[in-house]
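# for reference, the sequence and a predicted model appear below.
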Amino acid sequence: TRWQKLSERHSPSPEWFLNLVVWNSGIYGYKKNNTPEWFRRFNQILGDEGQISAYHWYAWQKDNRHDHNYPDYFPAQAGFKETVAEIRQDGVRSFPYQNIHLFDVQLPMWKELGAEQWVIRTKDGEMAHYPHIWDIAVPPEIAIYPGERRKMVQMCRGSKGWQDFVVEMYSRTVRDYSVDGLYLDELVNHPNLCYAANHDHASYGGNYHAKGACSMIRRIREESPNKDMAIIGENLCENYVGVIDGFLSGHSDVYDPWKGLPIFQSIFKDCTIEIGMYVMPDEALRMRTYTGKLAYNLIRGRQLGWHGRHDVDLLDPRCEPQLLFFKKLARCRRQSLDFLLYGEFLRPVDAAVVSMHEDEWFNVLKSGVEKTMVPDVFAQAYRAPNGDFGLVLVNVTVEAKQLSVPVNPRDWSLLPGETYQRRDY
């Protein structure tokens, strides 16, 4: 079938990727949480859990500013390739950021490549601007030249020329820098209808957007010299389940642990992998907020973390309790992959039995915080591939909590007289 379970695939994701537990992220050259020495300290504290980790590199390219001058990435900044090789020796896998969707029309390569022929066209024949980064002034403190502005347009995945360019861009990243994985930013987004008549799709119709991306991803795998690499993309979408290895859920299903329905997980949890969520600096320093976000990651079955891009350093002495909590949850995931990775996501625990508290969580789509109700104890039911039933429970408070979970024999397929083993972390 198209959406095969992870445990049943004939050509599964790399073993090291399936076993990943911990993610960090950050800006290359910002020497705070991505030096080889930092990784060694981090791994020593986390023990076995830290040895299986990944790092999501931002601004590693020659213009080390995020969301500037895409897709002119090469060459990388000095020392990047050497850093990737050094941290791999300490068990850290590297995923550099690259964008699959945008092109800055001010770049010399825009004219040199004739890239205008690959852009999405509106009904009026105009180029589809990217509204968040179109004719936006660059702050003077990071501008390279006076009056610099960013002008990004959206590229059409149904254009053969753009497909060829993207495939070579990602293949070169693997060839030149020996990275372990690739990241496709904006893989999942809201595409404009494309009215271009010169692209390899019907004008303004069809499934060219997702079909074109799937074609590019398959070609990247075929042309990459590293056959043991992993590919991840931004956000959650059924179109790419089984095509990429995992989804960064930083923008998807991250804001309301009480009202958010686990629709995607209920269908695809045992067919793909989700990764992390936003944790802002002030949230990392608020213990209850931090434990709530991390618990939400765990019960949803995600690889944990994605810390650091927003200046969160878990080795900061102020984060010592958070780091110990992180270590417990990392150990839980590592030892429960039969449920949290390969298991089926079952109907959640009856919410009426869980006490709640109010908190404020950052909403990246609104660039601000929102009040939300957070469970004192996060709970979720799973079924392992061998039929075993599992119930993961995480107390995010400092007090001991007593919880009576109503048994749901119909949705959990439980039988009278069965016994279960308790695991504490």
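Good, I have the coordinates.

# only C-alpha atoms for contact and neighbour calcs from this point on.
Noted.

# any idea how far residue 359 is from the spatially most central residue of the chain?
Ranked by distance to the mean C-alpha position of the chain (CA atoms, centre = their mean), the top residue is residue 248 at 1.5 Å. Residue 248 sits at a distance of 24 Å from residue 359 (criterion: CA to CA, to the nearest Å).

# ok, residue 75 next?
For residue 75, the distance to residue 359 - CA to CA - is 44 Å.

# for residue 299, same thing?
From residue 299 to residue 359 the distance is 19 Å (CA to CA).

# and what of residue 140?
When CA to CA is the yardstick, residue 140 and residue 359 sit 36 Å from each other.

# out of those two, which sits in the busier spot?
Ranked by neighbour count (other CA atoms under 10 Å), residue 140 and residue 359 place residue 359 first, with 15 against 11.

# what secondary structure does the more buried one sit in?
Classification of residue 359 by DSSP: H, G, I helix; E, B strand; the rest coil places it in strand.

# what pairs with it across the strands?
residue 372 (DSSP bridges).

# that one: what's it in contact with?
289, 371, 372, 373, 374 (CA atoms under 8 Å, 6 or more residues apart in numbering).

# buried sites along stretch 13-32?
13, 17-29, 32 (16 or more other CA atoms under 10 Å).

# stretch 179-190 now?
Within stretch 179-190, judged by 16+ other CA under 10 Å, the buried ones are 179, 180, 181, 182, 183, 184, 185, 187, 188.

# which residues does residue 96 bridge with?
residue 57.

# surely it meets residue 76?
No: using CA atoms under 8 Å as the test, residue 96 is too far from residue 76 to be in contact (10.3 Å).

# got any residues that touch both of those two?
residue 60.

# do a quick rundown of the helices in the stretch 301-425 of the chain.
320-335, 337-340, 409-412 (DSSP state H, counting those that start in this stretch).

# mind putting those helices into JSON lines with mean neighbour count, distance to residue 222 and mean pLDDT?
Below are these laid out as JSON lines (neighbours: other CA atoms under 10 Å; distance: least, CA to CA, whole Å; pLDDT from 0 to 100):
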{"stretch": "helix 320-335", "mean neighbour count": "19", "distance to residue 222": "31", "mean pLDDT": "93"}
{"stretch": "helix 337-340", "mean neighbour count": "22", "distance to residue 222": "29", "mean pLDDT": "96"}
{"stretch": "helix 409-412", "mean neighbour count": "12", "distance to residue 222": "41", "mean pLDDT": "89"}
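
# okay, now residue 77: neighbour count?
By other CA under 10 Å, neighbour count at residue 77 equals 16.

# which SSE is residue 131 in?
Secondary structure from DSSP states H and E places residue 131 in strand 129-137.

# list the neighbouring strands of whatever helix or strand comes next after that strand plus their orientation.
Using DSSP H and E, the helix or strand that follows strand 129-137 in sequence is strand 149-154. Under the criterion DSSP bridges, strand 149-154 sits next to strand 102-104 (antiparallel), strand 129-137 (antiparallel) in its sheet.

# for residue 50, find the nearest of those.
When the strands paired with strand 149-154 are compared by CA to CA, strand 102-104 sits nearest residue 50, at 34.1 Å.

# where does stretch 102-121 sit relative to the chain's centre, distance-wise?
Put simply, stretch 102-121 sits 27 Å off its chain's centre (CA atoms, centre = their mean, to the nearest Å).

# residues in contact with it?
Counting by CA under 8 Å, 6+ apart, 68-72, 127-128, 130, 150-156, 159, 161-162, 192-196, 198-199 sit against stretch 102-121.

# for the top helix by length along the chain, what does the pLDDT average out to?
Counting residues, the longest helix found in the chain (DSSP state H) is helix 160-177. For helix 160-177, the mean pLDDT works out to 97.

# again, but for stretch 378-385
Across stretch 378-385, the average pLDDT comes to 94.

# tell me the secondary structure for residue 84?
Applying three-state DSSP: residue 84 is helix.

# that one touches residue 179, doesn't it?
Yes: counting by CA under 8 Å, residue 84 touches residue 179, with 6.8 Å between them.

# joint contacts of these two?
93, 94.
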